[in-house]
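# Sequence and predicted structure are below.
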Amino acid sequence: IVKTNREGLVSYSGTIKMKSPKGKDVLFPFKSEYIVARPALTVAADNMNVVYQGLENPISVSVPGIPNDRLTVSATNATLRNTGSGKYVLNVKSGPKVEVSVTATMENGEKRNMGTISFRVKRIPKPLAKVGNVTGEGSMTKNELLKEKGIFTFFDNFDFNVVCKVTSFDVVYPAKGLQLFIKGDGNRITDEMITAFKKLRKNDKVRFENIKSVDPTGASIILSPLTIKIQ
């Protein structure tokens with residue numbers, strides 16, 4: 001009988017001595033292991049309780065009482081990269097869910113299934129466009145606007161460091177009682193736009209619209225417009 005006061009994986013060994021039919025001592029060494037109060041599998045997404053398609057999602061995997069190097073981790077609809085110390089990076093291929101399964105290898109070579117954890121898959125939220133510190137609607141002086149180099153994106157209350165590139169946009173501005181527009185490729189404010197901005201007056205409004213961007217999955221998205229009022 002083997003007794004223990006701790007939980008987790010317990011190894012034990014010994015030797016059984018028996019008498020052969022001829023009266024000689026015969027030794028039978030043995031070694032095995034068992035689990036006290038079956039370990040609870042823990043798989044956690046490090047940023048939140050969902051994983052995002054197109055991003056590198058960090059997850060942590062552990063089974064109390066079993067070393068990390070004796071765990072085999074796999075995932076459905078995703079690829080996994082082991083970064084060490086129970087840490088992995090999960091890249092989602094498709095939705096709507098990802099299942100992470102863990103198998104432990106015992107000292108005797110036996111494989112034991114430790115369990116499977118499911119995560120919901122979400123798409124990356126749509127970012128916001130900004131020029132300087134303005135997003136949505138805001139104001140700045142004409143000199144401040146003339147110093148801006150381009151239109152950029154950012155995420156509000158999103159834990160991942162994600163960059164979405166602006167591929168094109170339109171600028172609508174007032175001139176001689178008309179509303180004119182200039183089309184921009186990429187995210188840069190062009191010399192033509194700067195020339196138009198120099199003629200703006202106080203309370204004129206410049207609108208950046210039809211803002212197109214590409215997210216990390218390669219999907220094209222149209223961002224909400226923003227308007228700048230000249231102070």
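That came in fine, so what should we check first?
# which stretch of helix or strand covers Ser118?
For Ser118, the enclosing helix or strand under DSSP states H and E is strand 111-122.
# let me fix that: Thr72
strand 71-75.
# Show me what that strand packs onto, helices and strands only.
strand 78-84, strand 97-105 (3 or more Cβ pairs under 8 Å, 6 or more residues apart in numbering; DSSP states H and E). In this view, the C-beta of every residue, glycine as well, is placed from N, C-alpha and C.
# Next one: the most centrally placed residue in the chain relative to Pro216, how far apart?
For the chain, Asn57 is the residue whose C-alpha lies nearest the centre (Cα atoms, centre = their mean; 3.2 Å). Asn57 sits 12 Å away from Pro216, going by Cβ to Cβ, to the nearest Å.
# buried ones in stretch 65-76?
Gly65, Ile66, Leu71, Val73, Ala75 (16 or more other Cβ atoms under 10 Å).
# scratch that, stretch 111-122 is what I was asking about
Met114, Ile117, Phe119, Val121.
# Equivalent analysis for stretch 142-154, please.
Lys142, Glu144, Leu145, Glu148, Ile151, Phe152, Thr153.
# Looking at the residues you listed, which is nearest Gly184?
Distance to Gly184, by Cβ to Cβ, is smallest for Ile151 among the buried residues of stretch 142-154, at 8.0 Å.
# what's the distance between the closest one and Gly138?
According to Cβ to Cβ, Ile151 and Gly138 sit 13 Å apart.
# now Phe197
In terms of Cβ to Cβ, Phe197 sits 15 Å off from Gly138.
# Counting neighbours, what do you get for the closest residue to Arg112 other than its chain neighbours?
Nearest non-adjacent residue to Arg112, counting by Cβ to Cβ, 6 or more residues apart in numbering: Ala104, 4.9 Å away. Using other Cβ atoms under 10 Å, Ala104 has 20 other residues around it.
# what is Ala104 paired to in the beta sheet?
Leu71, Arg112 (DSSP bridges).
# wait, it sits on Asp69?
No: assessed by Cβ atoms under 8 Å, Ala104 is found out of contact with Asp69, at 10.6 Å.
# so where's this protein shaky on pLDDT?
Residues of the chain that meet the criterion pLDDT under 70 lie in 1-23, 26-48.
# Now do the helices in it.
142-147, 191-197 (DSSP state H).
# For the first one, list the C-alpha coordinates in PDB.
To tie it back to what came earlier, the one meant is helix 142-147. The C-alpha coordinates for helix 142-147 follow below in PDB (Å, rounded to 0.1, in the frame of the first residue of the first chain):
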ATOM      1  CA  LYS A 142      -5.200  75.500 -39.400                       C
ATOM      2  CA  ASN A 143      -1.500  75.500 -38.500                       C
ATOM      3  CA  GLU A 144      -2.100  72.300 -36.400                       C
ATOM      4  CA  LEU A 145      -3.800  70.600 -39.400                       C
ATOM      5  CA  LEU A 146      -1.000  71.600 -41.800                       C
ATOM      6  CA  LYS A 147       1.500  69.800 -39.600                       C
END
